[in-house]
Structure formats: C-alpha cells, structure tokens
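Novice: next comes the sequence, and after it the predicted model I'd like to discuss.
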Amino acid sequence: MKRRNILAAPALVAGAAALPAAAQAQPRIVTEEFMVPATDGQGEIFVRSKRPEGLAASASRTLLFVHGATYPAHSAFDLPLGGLSWMDYIAGRGFDVWCMDLRGYGRSTRPAVMAEPPEANPPLMRGDAAVADVAAVAAFIRQRRAVPRMVHMAWSWGCSLMARYATDNPGMVDRLVLFAPQWLRESASPAGVGAGAQLGAYRSVTQAQARDRWMAGVPEAARAGLIPPGWFEHWSGVTWATDPEGMRRNPSVLRAPNGVLADSAEFWQAGRPFWDPARVTVPTLLVVAEWDRDTPPGMATTIFPLLTASPGKRLVLLGEGTHTMLMERNRGALFQAVQVFLEEAAA
C-alpha cells in the first residue's frame, strides 16, 4: 500500500456558526493516506484517515465515510472551511475517521474508458461495483486497526451503498449514518444528464451547473447568505482540480461516472429499492435538510418506518440547509446531530 503520514494540530472552529468551542488542549491529529487495491484488480481506491495521536482502536470510534453521485469524499468531507473540516471535527472528538473516493472519482483510479468519448461505453461504476469498493476499503481498515466492525457513514448515493453493505454484512457494521439518503422517485435524478441525452460512461459537470443545482429549492431571500464567502470557490477549485483532463476544457468540467444514473433508472425510478431497510439490524441515523431537492425529506421519512429491525433508529430534519449542508453556513447543526449519535455508542 502507498502511505503518507502527516502530523498536525486540529484546527480551531472559525467561521462556522453553531459549532461548539474547541477544547483548549487538543491532541495532535495524525493523517494517513493509502491506495487500496480494488478486488477486481482494476485500479486502486484512495482513502484517508485522521485520528488523535495515540488513540486506541475500537469499533465504535472507527468511522468510514463515502460520497455521493458526483463529487469525491476527500474534497468535501475533509475540506477546511472556516479553518475546520468535518473530518477534523469528528477526529478532534476522539474518533479514527476515514473517507474514500470510489474509482472514477477524486484521487482514485479513473478507468481507462474515461479517456474515451462517453458515448463509446456503458455507464461506469454501477452500484454493485461501488459496494465492492466499499467492502475492499472496509476490510483494509478492519485489518489495519484490528477491529471487527466500524461505523459506516455516507452522503446521498453513498447512503444506498453503505446501507446495502450493512444488510449484506451485518456483523461488520457498528452503526449506520445516512445523510441525505435516496429512495424511490418518480422523476429523474437532479444529477442526471438531461432529457433525451444518451447515458454514456460518464458525464461532465461545470462549476456553474454545480452551483445552480446546489441552489435549487433555496428561497431567493436565503441564497446570498447560504454559503459563506469564498467557500464555494474553494471547494469547487479543489474538487475540479482532481480531474486534470476535465480542467483542460473550456469551461473546465468534472467528469463523474454514470453508473449511479443507470441505477436510478433501473431501481429508484422503477419502484425497486437497491437495499431493504427491514434488513438493517444496527442503530441507524437518517439526517436530511429542509431545502434538499436531490433527496427531499420525504425520502427519509419514507425510509424511517421501514427500519423495523434497527434498534435506536433516529430521524433528524434540519432547517435552512440543502443537499450540500456539510459545506454551508448552518453545517454546525449537521455536525452536532451526527456527533451526538456517534458518541452515544462510543461513551
């Protein structure tokens, strides 16, 4: 495995309203990065860990996060905004936090067909292949930390992957956190390529399109103050830079695999869930924001009563946030809601 260690003091909270004050004496945070081989032998998966120096490994304090349909994990989950990333926040509270970029995203291997025109190949990274990437990384973490299971956490499409993994591997999941989970829908996904467009191997997204999608459903009066100044530009600059080929275009684009859209058509728009909530047997937290138009609150409220075997399940609806609340002015409310759930098990 390729590995890089970094020692740093955790950043103090700055410019993030509603986050609790950091303790005066904080342990140093150790950062590790690895490239984990995919189980099918086709490329590698980028993973990053942050944890307090000297932390003893435990199942309830080890957490793996996976991203959604379009953007990688590391540039959102571990992007310092106002001096602090979500990974920094959780690690600073005594957790060993990991994030992963699925193949085709971020710093993971991009399949060779992404160098070809998208229409030349079928959609990349279908759900089963993505779950296999999750399984490979989870196995790597369990072996490295010598823990039998860990907390699995996800955003958007990643929620379906983590939930599917949890139902297939109940003994390897300690808790499940689903932020903005997807469910059955009558219309196409907002991440789609547009009516009548061919669903090829991947799609190309501009920063302007990303911002328009982000603001969909936000009241006009709230748009100016939703994202603190400079945060969108910082995130988009870091994220789009992970795709050098896309950066060479004018305007620059971020290429994202279309497997998620093929899954949406085959499962979610066809009335066929990709995972069964009744098979989830671990404590589960669902979190969604009121202005989310990608995965509206109605999806989470539909899932919640179906979690019939989940002990201590919880549903949290947060006000004044969107599908991308983790990088918005009110992200502190999201951080706190998740942290309370995590620390109940870790106490």
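Specialist: Happy to help now that I have it.

Novice: which helices and strands does the longest helix along the chain pack with?
Specialist: Looking across the chain with DSSP state H, the single longest helix is helix 127-145. On a contact count with 3 or more Cβ pairs under 8 Å, 6 or more residues apart in numbering; DSSP states H and E, helix 127-145 meets strand 29-37, strand 44-52, strand 62-66, strand 96-101, strand 150-155, helix 157-168, helix 259-266. The C-beta positions use only the backbone N, C-alpha and C, and glycine is treated the same way.

Novice: turn those into TSV, including mean neighbour count and distance to residue 178.
Specialist: Output for those, formatted as TSV (neighbours: other Cβ atoms under 10 Å; distance: least, Cβ to Cβ, whole Å):
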stretch	mean neighbour count	distance to residue 178
strand 29-37	18	23
strand 44-52	23	20
strand 62-66	27	11
strand 96-101	28	16
strand 150-155	27	6
helix 157-168	25	4
helix 259-266	21	16
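
Novice: mean pLDDT and distance to residue 83 for those - can I get that in TSV?
Specialist: Shown next, in TSV, are the helices and strands packed on helix 127-145 (pLDDT from 0 to 100; distance: least, Cβ to Cβ, whole Å):
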stretch	mean pLDDT	distance to residue 83
strand 29-37	98	13
strand 44-52	98	15
strand 62-66	98	20
strand 96-101	98	17
strand 150-155	98	22
helix 157-168	98	26
helix 259-266	96	32
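
Novice: so which of those gets nearest residue 237?
Specialist: Evaluated over the helices and strands packed on helix 127-145, closeness to residue 237 peaks at strand 96-101, with 17.1 Å, by Cβ to Cβ.

Novice: what angle separates that closest one from strand 150-155?
Specialist: 50 degrees (axes from the mean of the first three to the mean of the last three Cα atoms, to 10 degrees).

Novice: strand 96-101 pairs with which strands, and in what direction?
Specialist: strand 44-52 (antiparallel), strand 62-66 (parallel) (DSSP bridges).

Novice: quick one: contacts of that strand?
Specialist: 36, 45-51, 55, 57, 61-67, 72-74, 77-78, 87, 90-91, 107-108, 133-134, 137, 141, 145 (Cβ atoms under 8 Å, 6 or more residues apart in numbering).

Novice: state the distance from the closest residue to residue 53 other than its chain neighbours to residue 91.
Specialist: Excluding the flanking residues, the one nearest residue 53 by Cβ to Cβ, 6 or more residues apart in numbering is residue 28, at 4.5 Å. Remark: distance between residue 28 and residue 91 (Cβ to Cβ, to the nearest Å) = 10 Å.

Novice: circling back to that earlier point, can I get the helices and strands packed on helix 127-145 in JSON lines with distance to residue 180?
Specialist: Putting the helices and strands packed on helix 127-145 into JSON lines (distance: least, Cβ to Cβ, whole Å) gives the following:
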{"stretch": "strand 29-37", "distance to residue 180": "25"}
{"stretch": "strand 44-52", "distance to residue 180": "21"}
{"stretch": "strand 62-66", "distance to residue 180": "13"}
{"stretch": "strand 96-101", "distance to residue 180": "16"}
{"stretch": "strand 150-155", "distance to residue 180": "6"}
{"stretch": "helix 157-168", "distance to residue 180": "7"}
{"stretch": "helix 259-266", "distance to residue 180": "14"}
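
Novice: nearest to residue 311, out of those?
Specialist: helix 157-168 (13.3 Å).

Novice: how much does the following helix or strand past that closest one deviate in direction from strand 62-66?
Specialist: Where DSSP states H and E defines the elements, the next helix or strand beyond helix 157-168 is strand 173-179. Angle, strand 173-179 to strand 62-66, by the same axes, to 10 degrees: 40 degrees.

Novice: partners of strand 173-179, with directions?
Specialist: The pairing partners recorded for strand 173-179 under DSSP bridges are strand 150-155 (parallel), strand 284-289 (parallel).

Novice: list the buried residues for it?
Specialist: 173-179 (16 or more other Cβ atoms under 10 Å).

Novice: residues in contact with the nearest residue to residue 151 once chain neighbours are set aside?
Specialist: Closest residue to residue 151 apart from its sequence neighbours, by Cβ to Cβ, 6+ apart: residue 63 at 4.2 Å. Neighbouring residues of residue 63 by Cβ under 8 Å, 6+ apart: 90, 95-98, 150-153, 342.
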